[in-house]
Structures are given as C-alpha cells and as structure tokens.
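S.K.: Okay, predicted coordinates and the sequence, questions at the end:
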Amino acid sequence: MDLDPQFIIRDAAELRSLYGHPLERSVRKQMDRLDQHSRAFIAASPFVVISTQGPDAAGLADNSPRGDFPGFVEVADDRTLLIPDRRGNNRLDSLQNLLRNPKIGLLFLAPGVNETFRVNGLAELSRDPALTGRFVVEGKTPKTVIVVHVQEAYIHCSRAMLRSKLWDPSRHVAPGLLPSFGTIMACHTQGFVDAQALDEENKVRMPATLY
C-alpha cells in the first residue's frame, strides 16, 4: 500500500495539533509504584499481554499473551512484579528480546471488567530457585521468572472494551467461522504439519501440557 507522503505525520507538534491535550486527570493518574488498587487489579487478572522490543531501531516490537489463574503475576513489593514463565513453544521471542533490551510493557485484563491496567518498566530474567519455587503448579516449576521493575503504572479507561464488546457472549466468534489452528498451521508451514492430525493432537496435548 502506497501512502501519500503529505499526510504522513512526522513530528509530535503536528500530532498534538490533531488530538489536543489530555485531561489533567489522565496525566495525574500515572504512578511510579503499585498501590493497593493496583494490587487488587493485578490479583484479579488471569491474563496479561507482555510487550517487548529488539535492541535497536531494527528490532521489531513483539506482544505475547500470558495467562494462568487470577493473580498469577505476583506483586513482590510496590515497585516489583514477578511473572512466572510457563510452558510455551520455546521460541523465546519475548525472553530473548528482554536479554537485549530490558524495556517491557504490560497490559492486564480482568474478565468482565472494561478497564485495563498498564505497567511499564525494566525487566530481568531470574532462574533463582527461591523465585521459581514460589510458582510451582501441579508439581511443575517454571524455568525462569520475569522480574519487572515498575516505572509507570496506571488504569486505562473502558472505551476500547466498550467498543469491542469483548466480554459480551453474543459477540463471541461462532464455532467454525474461523479456520482451525491446524488449518492455519498447515498453511503457514507450507504443509509441514497435517491440519487434522494437529487439531486432534492438540485436544489432548494442550490440556496435558499447560505446566
């Protein structure tokens, strides 16, 4: 797609002229620590999106979902979060990004709640048994824990959720409307996997390998 260069925004002043200034409360809400309300939201959240980026201008941004029981992300203190790295596909995109560039962004969701909660900061990866041992589930210990040093934390308004109606069951995608995971994988791997076989395998494998 070719964009008309005269309409490409290239500086902050032009951008601000389009949108105007935020309400004072939107600026004041940002904190550099986690208070009791932050803790309550994180404790209720079973799902967080982790944003990372490569080490330089050539490094692509990446978002990765993390989910577990509500409160699986632990608030160690007012400026520290602990995120167990549960079993995945071992691509390690997010973790390798953090090794090269420690900047991290988190977006917490709580089912049925239209507001979200954002945390930004710097992250380290720890394999300290004293930390990983705090997150044992079904006898399985995560290999690492993402230690997030909080620099910004704030509640995010409900507009995105209200527009999307994310929690409205009547808006859930109907079964069969989207191609299956196996179908997509077979296409994207150019036939390396068999669609039906992978779908059947995942019915058993996924629930059995959550941890």
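M.R.: It's in.
S.K.: What is the distance between whatever helix or strand H149 lives in and the centre of its chain?
M.R.: In the assignment (DSSP states H and E), H149 maps to strand 145-156. Centre-to-centre, strand 145-156 and its host chain are 12 Å apart (CA atoms, centre = their mean, to the nearest Å).
S.K.: Just the CA atoms of that strand, as CSV, please.
M.R.: Output of strand 145-156 as CSV, limited to C-alpha atoms (Å, rounded to 0.1, in the frame of the first residue of the first chain):
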residue,chain,number,x,y,z
VAL,A,145,10.7,-15.7,36.4
ILE,A,146,10.4,-12.3,34.7
VAL,A,147,11.2,-9.7,37.3
VAL,A,148,9.6,-6.4,36.4
HIS,A,149,11.0,-3.2,37.9
VAL,A,150,8.0,-0.8,37.7
GLN,A,151,8.5,2.7,36.4
GLU,A,152,5.0,3.6,35.3
ALA,A,153,1.6,2.2,36.3
TYR,A,154,-1.9,3.4,35.6
ILE,A,155,-5.5,2.4,35.0
HIS,A,156,-6.8,2.6,31.4
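S.K.: what kind of secondary structure is G112 in?
M.R.: At G112 the chain is in coil, as set by DSSP: H, G, I helix; E, B strand; the rest coil.
S.K.: returning to that earlier point: packing partners for the strand holding H149?
M.R.: In terms of contacts (3 or more CB pairs under 8 Å, 6 or more residues apart in numbering; DSSP states H and E), strand 145-156 is packed against helix 36-44, strand 80-84, strand 103-109, strand 116-126, helix 129-132. In this view, the C-beta of every residue, glycine as well, is placed from N, C-alpha and C.
S.K.: Figure out which of those is closest to L3.
M.R.: With CB to CB as the measure, strand 103-109 is the member of the helices and strands packed on strand 145-156 nearest L3 (26.4 Å).
S.K.: can I assume F181 is in contact with L198?
M.R.: Yes. Under the criterion of CB atoms under 8 Å, F181 makes contact with L198 at 6.9 Å.
S.K.: Would you mind telling me which of these two has more residues around it?
M.R.: Neighbours were counted for F181 and for L198 using other CB atoms under 10 Å; L198 has more, 18 against 14.
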